[in-house]
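Undergrad: just coords:
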């Protein structure tokens, strides 16, 4: 009952949480240490979490020259950016329709949309591959992007977001003679920005990290994305010296997303809050 | 409605003299028609992509699953593929593995995510740092994480064995031993997904008004009873939402299996999607792959429909 005991308990809980979080970070810590370890490190050293020898970027240089990272970054960036750009349009348009407009069959259509939450593209890779082949999009980035250009998750998120915005804003704009596209573009979308941001995080981190679909849908080396590229140069590695290079390569692949998250952590969490997934 | 108001603003007199009933009705009809046209235009872009890459392929797979054509034979229409599928011991193993994998990953990662979100919900510098540590795995591609964990699990030289050797343990073949391979795959999945689920729980917790918990505290409810009777019920819809995502992950994440174990040793880590991938790309058995796809589609549909209904109910309740 005493306040002092409550504080002790809270301190203990916090310590346990800190221990768990640090435990969680071990693979990460190892990756960082191994990537900076000099190449001459012996096999016994490589598993150690404690840095030894002089820290250097030799592993990064080697990973960079072994793979074609600039090309992979470019393709991945193009793929994620392209998907997100189209999704923003499809998702906000559909989200608005479901949130604000009344039309016959709205509920049925909404459930039809939500079907895509379950019938996700990874399950349908086999038939989707046939489709993009017949559309002439095989081994091209638009082909990889195509199955993701509509998003049930995004539509759902934007519907929730639009619903949380009071109607008064739109009515006021309409009174001033704004058309529907103008209202959506100038009034609603700026207010819905946190919802779009949350969606962007989910979308970009998903597609940046995706492996199986690009592996199947792309074949030539000049169209490869980061994940497939990384897998191709890690699969051959066995010896201890190569693990440092793999760790460096892994960091190179993950670095952009990690940087974005660390910089915008608070805003990312608060935009998740905003979307009202309660 | 809004057009009427615009008129009012232009000529305030109309406020006094209401429009004839027929004109109002016609205006309503026009507004209704405009709303339908707008909805059509707004839904069309998504509709085209959904039709091409969701509805059409499902129908295609459905039809294909009923065409049984094995190498060099005449195609027969019927349940042949399904009969072959359910008779295939590899498929049964994969289905059972998927159940083990599902329970083994969902229960601990959701429980941990909930615990972490409850403990780290305050916005302080230290908790923000711990949250970042937990979310980092979400930012690494599963393939890259797999490369990391191949080393971590490496017998003898790897991270785990290196540190276990201080405790006197010998070499363990984490990925090569049929009884350890699935737990190892489960471990990497829990490690990867927990932080992601935590983000959703944090969002859900932030949506619960403080005064509810304060009121319960004034009534003398301790932290455990507050969680049981206030926080947890209000978190229900979030839980349903996260559960759907977790169920999806169980049936759609196979990158680590492709890279780390290739479904082995002796099918110990083969799961449904990997089985589909094997049948389609390695055995060129499109009929069997289609039948297996339909099975996982139906399972996924049944499992997530329940959770989604709970979710929808929560949202209606809220608004």
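TA: Arrived safely. Given the structure is predicted, the values throughout are model-derived calculations rather than measurements. Numbers count the residues shown, from 1 in each chain, chains lettered A, B, ... in the order given.
Undergrad: Contact partners for the most centrally placed residue in chain B?
TA: Centroid-nearest residue in chain B, with Cα atoms, centre = their mean: residue B:245, separated by 1.9 Å. Residues near residue B:245 by Cβ atoms under 8 Å, 6 or more residues apart in numbering or on different chains: B:196, B:197, B:200. Using the backbone N, CA and C atoms, a C-beta is placed for each residue, glycine as well.
Undergrad: again, but for residue B:153
TA: Contacts for residue B:153 (Cβ under 8 Å, 6+ apart) come out as B:160, B:174, B:175, B:184.
Undergrad: Okay, and the residue nearest to the centre of chain B sits in which element?
TA: Using DSSP states H and E, residue B:245 maps to helix B:236-252.
Undergrad: Number of residues surrounding whichever residue of the stretch 151-300 of chain B sits closest to chain A?
TA: Residue nearest to chain A within the stretch 151-300 of chain B: residue B:162 (3.4 Å; Cβ to the nearest Cβ). Using other Cβ atoms under 10 Å in any protein chain shown, the number of residues around residue B:162 comes to 19.
Undergrad: quick one: what helix or strand has it in it?
TA: Per DSSP H and E, residue B:162 falls inside helix B:159-164.
Undergrad: and that helix, what other elements does it pack with?
TA: The contact analysis (3 or more Cβ pairs under 8 Å, 6 or more residues apart in numbering or on different chains; DSSP states H and E) places helix B:159-164 against helix A:26-36, helix B:142-152.
Undergrad: how many neighbours does residue 146 have?
TA: Let's take chain A. Neighbours of residue A:146 (other Cβ under 10 Å): 22.
Undergrad: please go with chain B instead
TA: By the measure other Cβ under 10 Å, the count of residues near residue B:146 is 25.
Undergrad: ok, it - contacts?
TA: Contacts of residue B:146 (Cβ under 8 Å, 6+ apart): B:188, B:255, B:256, B:259, B:260.
Undergrad: Please produce JSON lines containing the residues you listed, extended by pLDDT, neighbour count and secondary structure.
TA: Formatted as JSON lines, those follow (pLDDT from 0 to 100; neighbours: other Cβ atoms under 10 Å in any protein chain shown; DSSP: H, G, I helix; E, B strand; the rest coil):
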{"residue": "B:188", "pLDDT": "93", "neighbour count": "22", "secondary structure": "helix"}
{"residue": "B:255", "pLDDT": "86", "neighbour count": "22", "secondary structure": "helix"}
{"residue": "B:256", "pLDDT": "88", "neighbour count": "22", "secondary structure": "helix"}
{"residue": "B:259", "pLDDT": "84", "neighbour count": "22", "secondary structure": "helix"}
{"residue": "B:260", "pLDDT": "86", "neighbour count": "23", "secondary structure": "helix"}
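Undergrad: Touching, residue A:104 and residue B:36? I think so.
TA: Yes - counting by Cβ atoms under 8 Å, residue B:36 is a contact partner of residue A:104 at 7.3 Å.
Undergrad: Tell me where the model's unsure across chain B.
TA: B:1-21, B:71-72, B:308, B:310-319 (pLDDT under 70).
Undergrad: In terms of residue numbering, what are the domains of it?
TA: Using automatic domain parsing, the domain ranges for chain B come out as B:2-48, B:83-318.
Undergrad: Tell me which of the ones you listed is the most buried.
TA: With neighbours taken as mean count of other Cβ atoms under 10 Å in any protein chain shown, the domains of chain B reach their highest mean count in domain B:83-318, at a mean of 19.
Undergrad: what's the residue closest to the geometric middle of chain A?
TA: Against the mean C-alpha coordinate of chain A, by Cα atoms, centre = their mean, the closest residue is residue A:205 at 0.8 Å.
Undergrad: And for it, nearest residue in space, chain neighbours not counted?
TA: residue A:257 (5.7 Å; Cβ to Cβ, 6 or more residues apart in numbering or on different chains).
Undergrad: now residue A:86
TA: Of all residues not flanking residue A:86 in the chain, residue A:149 sits nearest, at 4.7 Å (Cβ to Cβ, 6+ apart).
Undergrad: Repeat that for residue A:22.
TA: residue B:133 (6.9 Å).
Undergrad: Next, the angle from the strand or helix carrying that neighbour to helix A:26-36.
TA: Using DSSP H and E, residue B:133 sits in helix B:125-139. Here the directions of helix B:125-139 and helix A:26-36 differ by 80 degrees (axes from the mean of the first three to the mean of the last three Cα atoms, to 10 degrees).
Undergrad: Report the angle between helix B:125-139 and helix B:142-152.
TA: 100 degrees.
Undergrad: which helices and strands does helix B:125-139 pack with?
TA: Judged by 3+ Cβ pairs under 8 Å, 6+ apart, helix B:125-139 is in contact with helix A:3-24, helix A:26-36, helix A:240-274, helix B:89-119, helix B:178-206.
Undergrad: one more time with 7 Å
TA: For helix B:125-139, the helices and strands in contact under the criterion 3 or more Cβ pairs under 7 Å, 6 or more residues apart in numbering or on different chains; DSSP states H and E are helix A:3-24, helix A:240-274, helix B:178-206.
Undergrad: Contacts for the first one, please.
TA: It stands for helix A:3-24. The contact list for helix A:3-24 (Cβ atoms under 7 Å, 6 or more residues apart in numbering or on different chains) reads B:116, B:119, B:120, B:130, B:133, B:134, B:191.
Undergrad: Distance from the chain centre to it, please.
TA: Centroid separation for helix A:3-24 versus its chain: 31 Å, with Cα atoms, centre = their mean, to the nearest Å.
Undergrad: now swap in the longest one and tell me
TA: When distances are taken as Cα atoms, centre = their mean, helix A:240-274 is centred 10 Å away from the chain's centroid.
Undergrad: Check the last one too.
TA: From the chain centre to the centre of helix B:178-206 is a distance of 12 Å (Cα atoms, centre = their mean).
Undergrad: contacts with chain A among the contacts of residue B:245, please.
TA: Counting by Cβ under 7 Å from any Cβ of the partner chain, residue B:200 from the contacts of residue B:245 sit close to chain A.
Undergrad: Find the least confident helix or strand in chain A, judged by mean pLDDT.
TA: Least confident helix or strand, chain A: helix A:43-46 with a mean of 63, by mean pLDDT, DSSP states H and E.
Undergrad: Residue B:161 and residue B:304: what is the separation?
TA: Distance, residue B:161 to residue B:304, by Cβ to Cβ, to the nearest Å: 39 Å.
Undergrad: Please apply the same query to residue B:133.
TA: 30 Å.
Undergrad: before we move on, what about residue A:247?
TA: Distance, residue A:247 to residue B:304, using Cβ to Cβ: 37 Å.
Undergrad: Thanks again, I'm all set now.
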